[in-house]
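[1] mind looking at a prediction? Sequence and model below.
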Amino acid sequence: MANPPKITVYTDGAALGNPGPGGYGIVLISGRHRREISQGYRLTTNNRMELMAVIVALESLRIPGSHVTVFTDSRYVADAVEKKWVFGWERNGFKKKKNPDLWRRFLISFRKHRVSFIWVKGHSNIPENELCDRLAVSAARSSNLLEDEGYLSDPGSVT
């Protein structure tokens, strides 16, 4: 494909208690195509759900090399990438860093595309961001909750 697609992604994560039940919401937009994704977890944290939203969004993209702009209200995620902290964490084996399982998973998908992050203020009337928030909270409250294996295996290394 001569021109990889341009994809706009909105993400949000939520936890009802921190830790507590949590969920993520995603809106993917490419041209006239639009897709919403959400999932809830029985016991997790807000930051894990913020990061999980981005991971699932990137993993759902079918065409490598896509130009992806991720809008997130998570400074945790946006700053880690845009300020390049995550690459230093990786070089140091994620020693003393929170959520190493998810950051490793993130980097695999991140490297398959051309991804940039734009931080947006939460609850600032950006329709897709507001929708992601509703999807994340609804997923956290659903009866179809998964286990966050990374959180359960090492709750001391997550936040």
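    Thanks, I have the structure now.

[2] how many residues are close by Met39?
    No, residue 39 isn't Met; it's Gln. Counted with other C-beta atoms under 10 Å, the neighbours of Gln39 add up to 21. (C-beta placed from N, C-alpha, C; glycine too.)

[3] and for Tyr24?
    29.

[4] kindly report the same for the one 3 residues further on.
    Neighbourhood size, Val27 [other C-beta under 10 Å]: 22.

[5] lowest-pLDDT helix or strand in the chain?
    Lowest by mean pLDDT, DSSP states H and E among the helices and strands of the chain is helix 149-153, with a mean of 88.

[6] just the C-alphas of that helix, formatted as PDB.
    Extracted C-alpha coordinates of helix 149-153, given in PDB (Å, rounded to 0.1, in the frame of the first residue of the first chain):
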ATOM      1  CA  GLU A 149      -3.700 -11.100  35.000                       C
ATOM      2  CA  GLY A 150      -0.900  -8.600  35.200                       C
ATOM      3  CA  TYR A 151      -2.400  -6.900  38.200                       C
ATOM      4  CA  LEU A 152      -3.200 -10.100  39.900                       C
ATOM      5  CA  SER A 153       0.200 -11.600  39.400                       C
END
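
[7] buried residues in it?
    With burial defined by 16 or more other C-beta atoms under 10 Å, the residues of helix 149-153 counted as buried are 150-151.

[8] what does that helix rub up against?
    19, 41, 43-45, 48, 99, 101-102, 158 (C-beta atoms under 8 Å, 6 or more residues apart in numbering).

[9] inside helices: which ones of these?
    Residues from these lying in helices, with DSSP state H as the criterion: 48, 101-102.

[10] send the alpha carbons of stretch 39-52 over as CSV?
    Presented in CSV, the C-alpha positions along stretch 39-52 are these (Å, rounded to 0.1, in the frame of the first residue of the first chain):
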residue,chain,number,x,y,z
GLN,A,39,-13.9,-4.1,28.1
GLY,A,40,-14.1,-4.3,31.8
TYR,A,41,-11.9,-6.0,34.4
ARG,A,42,-12.8,-7.3,37.9
LEU,A,43,-9.8,-5.7,39.7
THR,A,44,-7.4,-3.2,38.2
THR,A,45,-6.2,0.4,38.4
ASN,A,46,-7.0,3.5,36.4
ASN,A,47,-3.5,3.8,34.9
ARG,A,48,-3.6,0.2,33.8
MET,A,49,-6.9,0.8,32.0
GLU,A,50,-5.6,4.0,30.4
LEU,A,51,-2.6,2.1,29.0
MET,A,52,-4.7,-1.0,28.1
